[in-house]
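[1] Sequence first, then the predicted structure, then my questions.
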Protein chains: 4
Amino acid sequence: MTAPADPSHRPLRYAMVGGGQGAFIGAVHRHALALDGQAQLVAGALSSTPEKARASGRALGLAEGRNHADWQALLADELQRPAHERVDFVVIVTPNHVHFPVAQAFVQAGFHVVCDKPLVHSSEQAQALVEAVARQGTVFGVTYNYSGYPMVRQARDMVRAGELGTVRKVVVEYTQGWLATALEGEGNKQAGWRTDPARSGLAGAIGDIGSHAENLVATVTGLQIESLCADLGALVPGRALDDDASLLLRFKGGARGVLLASQISTGKENDLRLRVSGTRGTLEWRQEQPSELRHWPLDGPLRVLTRGAPWLSPSAQRASRIPAGHPEGFIEAFANVYAGVIADIRAHQAGHAADPLAADYPRVEDGARGVRFIERTVASAASAQKWTPFEG
Amino acid sequence: MTAPADPSHRPLRYAMVGGGQGAFIGAVHRHALALDGQAQLVAGALSSTPEKARASGRALGLAEGRNHADWQALLADELQRPAHERVDFVVIVTPNHVHFPVAQAFVQAGFHVVCDKPLVHSSEQAQALVEAVARQGTVFGVTYNYSGYPMVRQARDMVRAGELGTVRKVVVEYTQGWLATALEGEGNKQAGWRTDPARSGLAGAIGDIGSHAENLVATVTGLQIESLCADLGALVPGRALDDDASLLLRFKGGARGVLLASQISTGKENDLRLRVSGTRGTLEWRQEQPSELRHWPLDGPLRVLTRGAPWLSPSAQRASRIPAGHPEGFIEAFANVYAGVIADIRAHQAGHAADPLAADYPRVEDGARGVRFIERTVASAASAQKWTPFEG
Amino acid sequence: MTAPADPSHRPLRYAMVGGGQGAFIGAVHRHALALDGQAQLVAGALSSTPEKARASGRALGLAEGRNHADWQALLADELQRPAHERVDFVVIVTPNHVHFPVAQAFVQAGFHVVCDKPLVHSSEQAQALVEAVARQGTVFGVTYNYSGYPMVRQARDMVRAGELGTVRKVVVEYTQGWLATALEGEGNKQAGWRTDPARSGLAGAIGDIGSHAENLVATVTGLQIESLCADLGALVPGRALDDDASLLLRFKGGARGVLLASQISTGKENDLRLRVSGTRGTLEWRQEQPSELRHWPLDGPLRVLTRGAPWLSPSAQRASRIPAGHPEGFIEAFANVYAGVIADIRAHQAGHAADPLAADYPRVEDGARGVRFIERTVASAASAQKWTPFEG
Amino acid sequence: MTAPADPSHRPLRYAMVGGGQGAFIGAVHRHALALDGQAQLVAGALSSTPEKARASGRALGLAEGRNHADWQALLADELQRPAHERVDFVVIVTPNHVHFPVAQAFVQAGFHVVCDKPLVHSSEQAQALVEAVARQGTVFGVTYNYSGYPMVRQARDMVRAGELGTVRKVVVEYTQGWLATALEGEGNKQAGWRTDPARSGLAGAIGDIGSHAENLVATVTGLQIESLCADLGALVPGRALDDDASLLLRFKGGARGVLLASQISTGKENDLRLRVSGTRGTLEWRQEQPSELRHWPLDGPLRVLTRGAPWLSPSAQRASRIPAGHPEGFIEAFANVYAGVIADIRAHQAGHAADPLAADYPRVEDGARGVRFIERTVASAASAQKWTPFEG
């Protein structure tokens, strides 16, 4: 269970950029931040359309003076406020193409930032952001939210502790069906920006969900991709970006892998799965039943580890709020990422290093590696050579 | 998805009685109330031990003047506050034996109340409370939280719409294993009060979890139990209250049923399951995989309905926050019950009747029926007659 | 894996009574007997209708002189044949009401017999048969076929070895839906005799499938029922026999149990399940996924044992033909019961005691207990007393 | 259910080459052939070691004169027997390298043949065999046994009937763990020949199990592979042949695919899975739960089709022996392939064309395509070019 809050802890204040009415992921961030009562939304620039930004802010109860028409106004306003009013961190949940300028501006102004994935549009932008964060010494989290599931952390801790022996094979699949029809032609906002190169970037499915898959592999195995071979398809007629991706992976040290990301698998919901096989065992995890982790040891029957059990790793245990058998889900996992970010911000504010067990969240470097992964995947898809090198 | 909040809606203020440090269910109520940002904890009397009550309140950030040593002080303080400060509702999450005096006092003082289950210790208390609520015309919710799962609502709506035809057989099982050993002798607080007749009441497992099972059957089927035949066992040596219960049920209209509640099924977590068979189909739901509802129609293959799908009932759809395939769990279901209570309070405050689709939550009458169910079950267990009548 | 056949072993010869065209279970017996090549059908009286008997025998390739119009002719013919032609055993797969006279006649004539369940119509008949078998010293198997599944044997062996500690609770359910409509009024032969008291006996569902459930409990736990409390319903209007049964059980030594048998659970196929909880663990098995046995130990995560694994009991291991992951099913389990019978017949013929590990099959005593179980269940259902005693 | 046997039908006689003591697959063939009583083993050359061949034949009850030391003797003996004694067909279950000479010899001598997969070692051999069969006009079946599962046939029939619309994506995985350690160095016979290039051919896992996966895709979808991109690994140190294979596939018409075959996924048993997504729906099938076929239509909830249901295709229905819910498995599926071969042989013997619904089995052409698939996969694995063309 999560440790009880320290009574000296006031809830942190945060601002949100993007995430206004009609957005999906902005509301998820707000639910996740509300869940544990550790942060309060106090300011925002919630849409790129000023009127919609204002209306969204009013619906969320923002004070008039902190409900801004654009992020530049938000930044300017925050900078002129006294420290005891200023937000502790900024959450960026805009469409992808807006991530970079907003993130860069707030980092350079010294704010702690949480940004959605994929982080930015190019590895150059990513590198600039990594450097900016390093210069400022601020906290920067990337919401690879699946890393927040307790049983993902359990998997990571088992692999790192050597319970699988040497990892030989990794299979990760992220299968959805919601883009099996040309929704973007029917006014669906989510489909619209995700299939538009101007707003989504180089990549469609591989950016939207493939990057989650890449992060899941990196989180759990710690392996570095050495080279990759990609086949990207835009299988719905008329679509400009990939909606289906298949990759062969080779890792440093000799392990092999396969990564699949599809948004045209009709009827499938959000079927992210990971299988890791090593010399001493295999692990399987599936996002749609996130409380179970299946473990086949070399010398005994399948074990089904479940969230909340006393034999889990400390990291997996502290990522639970309620007892075993009482399902926790997506919002709770998201909140676990935020709990890590908040622990790091509090440590930063208190002037000491964070407890690594507490400050457990994906960093700007993870986001940057994800951007390079997307770039190299797109390059591979365009190449007649089998293997495209990748520097993790 | 839940409707966006009306911007005119300030978050409601609530007080909590019980639920201090070390309690399980109090924290769940607070998470559930925080999730949607519609209510804020502003006052409390969080433990029966004054020092612990204060410490718990401080940890939760209560203002000093609203952090009370006992519920009587809380009540007195609230009554002398102006309306714009006074809490909108009170949440009672104490051990069972304290429910009645606290609930009765706050209802009689005109407060809206949410109380945990089982509601009270006797059908006389229950009846008194039902009458008090009727007199006051206030809102009174009972946190039979499993009724808040979207797929439970879908099941209910399908049965009520006749999709199963006439219901013939109901099987409900609530299987746990956490009391398979004598934890109450090892200082476990949860086990301690649940196995103590003075604090838990007449019943152990049948009160703690059997009452959830009874409510689930009533919620989904609308059937009334006509008579029951119970076998209660205290299977762990030395235990004073039942830890295992098996009942045969007969419903008005001829349907048959079986209700099982066990806390000594070693290793099982929180395995609440329901099966309802009618002339035209069968439904199955399982709490540990709450997003699925299995439906066997008479004339076609098994259908697996999932949370978030567009073909669900309006009630099931509005009980979801995030898209299909992104798991929602126990806290979200709990929050759905609270969303119903809050909608009813807001309607009450606005002076109009609530939208029934919104004000969807278990009432004081459901809680009272649950208390009579426990009483009749205990009576049946002590009887040599097969059937004990029950007036639903 | 099954031991290789001893080359000195000729296939046994068998005769079948009942099981002609249109019968379900007769064909299953023949498939099961064919599977391992240890027995050959050489004679029969395959139907109570002489013409149909003959036609069925011709379709199965019986020689003209051994294809009889009735079982009396079969018996007479066998008795006058020389030993090297005579059948080694007789298989009785008629409707229930014919079991007794046929079985009694062949036993008294010195034949080894295999008879379907429920064994006979009354405990008096059962007792007479038990005594006849004892007098003759012949082999008599009852095809409680579910006892032949490898993972049922594994469950039995784990319980007997104490891996669950002391058993406290047993829940067995056998859920079907095929009689949810009045098929017997539509010319369905299977439904016809099963719902007809003249041919099926005292009981419907409790006899047809409840007796399998009773045997499964006895096989796995070895517990003896001390008293029972039954509710039997004929829920399809106009049906003369029960199609739905619910029982509370108390076992010698204090364990509690519940047994459900339903044939009106619309859409369900053949969902036989067993859960056994003891002080040290819980086991669950489900016939529709027969290769898995779920084991919750007190002090560790769920283990999923699978057929074919090297860590299974010797008895479970020898009941497999092919490697793990290559599904074996109903016919294979049936064949395992026959393998036990055949091992016992071969030992009998060789004049020595059988290897108990090999001669693993339900005996006439198990069949007789099943008949008493049905009788007492019907008596309980008619009684206003809660508990009806049962002498296992 | 399978049609009742025609009474004019004597069981066919067959000879087996290979499959002696210690072999796994030979016994499976014999069980499958025994199951329905349509064929009898009467002759054999059961091992490449003469003494072992003879001992194996004696254990199986072969007459002395038909129990041969090698396949050449078997062939010579059969040719000199009169038609009413001669075998109707020959089953070849030797290690792979022996398939070609035996199959070619028996085909050229006019025998019907069933041969295990992969068919032969090279596409030249495969082509020669295809031509020989065409010249002789004999029946030649290849035991791609997974094609015999009823729900695989249902999947095929649904795809062919357009229920998925246009197929866009195919994912097939065959995951085992039994070669995760170097069993071949520990005297394991199965591991020994499968990892030995001299006996297994060019390929390890891709030949042994990848060829099943290729056949499953071809059977269900009818799609032709246009090009492929393979990564083959020998991940257990010291192994000469691949034990892990990952392929990207492109099909004629634009569909994409992924094929995985691994024998080093520690702890996994025989996890063959197929997912096919089209414009109108998705199908999933899993060999370890073969009675279920999951179908996500575009416009409604998941449907779980099960073996034995009346709404299945005629082909799927006739591949069942027993009612729904009574599990059938691997041997039954195998027997379904044999039922197709036998129907074709009987039609051939009767001088008429076979009923296509009955003569449903993989042909020599399917086996030949499988051999080319293995060759091109090995070629691709050695190539730096991404795509290696494939002429289906």
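    Noted; the coordinates are in hand.

[2] And chain A, split by domain according to the record?
    A:12-145+A:337-363, A:147-323+A:369-389 (automatic domain parsing).

[3] how about those, which one is nearest chain B?
    Closest approach to chain B among the domains of chain A is made by domain A:147-323+A:369-389 (2.6 Å; CB to the nearest CB). Yep, even glycine has a C-beta here, placed from its N, CA and C like the rest.

[4] possible to save the domains of chain A as a markdown table with mean pLDDT and distance to residue C:390?
    Formatted as a markdown table, those follow (pLDDT from 0 to 100; distance: least, CB to CB, whole Å):
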| stretch | mean pLDDT | distance to residue C:390 |
| --- | --- | --- |
| domain A:12-145+A:337-363 | 96 | 53 |
| domain A:147-323+A:369-389 | 96 | 36 |
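
[5] And the strands in chain A?
    Along chain A, counting by DSSP state E, strands occupy A:12-17, A:39-45, A:89-92, A:112-115, A:140-142, A:167-175, A:225-233, A:244-251, A:256-262, A:271-278, A:281-286, A:292-297, A:302-306, A:388-389.

[6] Between the domains of chain A, which one is closest to chain D.
    Nearest to chain D among the domains of chain A is domain A:147-323+A:369-389; the distance by CB to the nearest CB comes to 2.4 Å.

[7] which one of the strands of chain A lies closest to chain C?
    Going by CB to the nearest CB, the one of the strands of chain A nearest chain C is strand A:302-306, 4.2 Å.

[8] Just checking that closest one against chain D, any contact.
    Yes: taking CB under 8 Å from any CB of the partner chain as the criterion, strand A:302-306 and chain D are in contact, through residue A:302.

[9] before we move on, back to that, any chance of a markdown table for the domains of chain A, columns mean neighbour count and distance to chain C?
    Putting the domains of chain A into a markdown table (neighbours: other CB atoms under 10 Å in any protein chain shown; distance: least, CB to the nearest CB, whole Å) gives the following:
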| stretch | mean neighbour count | distance to chain C |
| --- | --- | --- |
| domain A:12-145+A:337-363 | 20 | 22 |
| domain A:147-323+A:369-389 | 21 | 4 |
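
[10] Could you find the closest non-adjacent residue to residue A:291?
    Once flanking residues are discounted, residue A:291 sits nearest to residue A:307: 4.1 Å by CB to CB, 6 or more residues apart in numbering or on different chains.

[11] who are the neighbours in contact with the one you found?
    For residue A:307, the contacting residues are A:150, A:151, A:290, A:291, A:292, A:316, A:320, A:324, A:328, by CB atoms under 8 Å, 6 or more residues apart in numbering or on different chains.

[12] re earlier: could I get the strands of chain A in CSV, plus columns for distance to residue D:116?
    Output for the strands of chain A, formatted as CSV (distance: least, CB to CB, whole Å):
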stretch, distance to residue D:116
strand A:12-17, 63
strand A:39-45, 63
strand A:89-92, 59
strand A:112-115, 56
strand A:140-142, 52
strand A:167-175, 27
strand A:225-233, 32
strand A:244-251, 30
strand A:256-262, 28
strand A:271-278, 27
strand A:281-286, 28
strand A:292-297, 28
strand A:302-306, 30
strand A:388-389, 39
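
[13] so who does the closest residue to residue A:77 other than its chain neighbours touch?
    Leaving aside its chain neighbours, residue A:77 sits nearest to residue A:68 (6.5 Å; criterion: CB to CB, 6+ apart). For residue A:68, the contacting residues are A:43, A:44, A:45, A:53, A:57, A:74, A:77, by CB under 8 Å, 6+ apart.

[14] if we go to 7 Å?
    A:44, A:45, A:53, A:74, A:77 (CB atoms under 7 Å, 6 or more residues apart in numbering or on different chains).

[15] now, among these, which is nearest to residue A:357?
    Closest to residue A:357 out of those is residue A:44 (31.5 Å), distances taken as CB to CB.

[16] Could you point out the longest helix of chain A?
    In chain A, taking DSSP state H as the definition, the longest helix is helix A:330-350.

[17] how far is it from where the chain is centred?
    13 Å (CA atoms, centre = their mean, to the nearest Å).

[18] can you check stretch A:75-90 too?
    Using CA atoms, centre = their mean, the offset of stretch A:75-90 from its chain centre is 25 Å.

[19] Also stretch A:379-392?
    Counting by CA atoms, centre = their mean, stretch A:379-392 comes out at 24 Å from the chain centroid.

[20] gap between the two ends of it?
    15 Å (CA to CA, to the nearest Å).

[21] need the residues of the stretch 151-300 of chain A near chain D, please.
    Neighbours of chain D within the stretch 151-300 of chain A, by CB under 7 Å from any CB of the partner chain: A:168-169, A:171, A:177, A:180, A:229, A:231, A:233, A:235, A:244, A:246, A:248, A:256, A:258, A:260, A:262, A:264-268, A:277-282, A:296-298.
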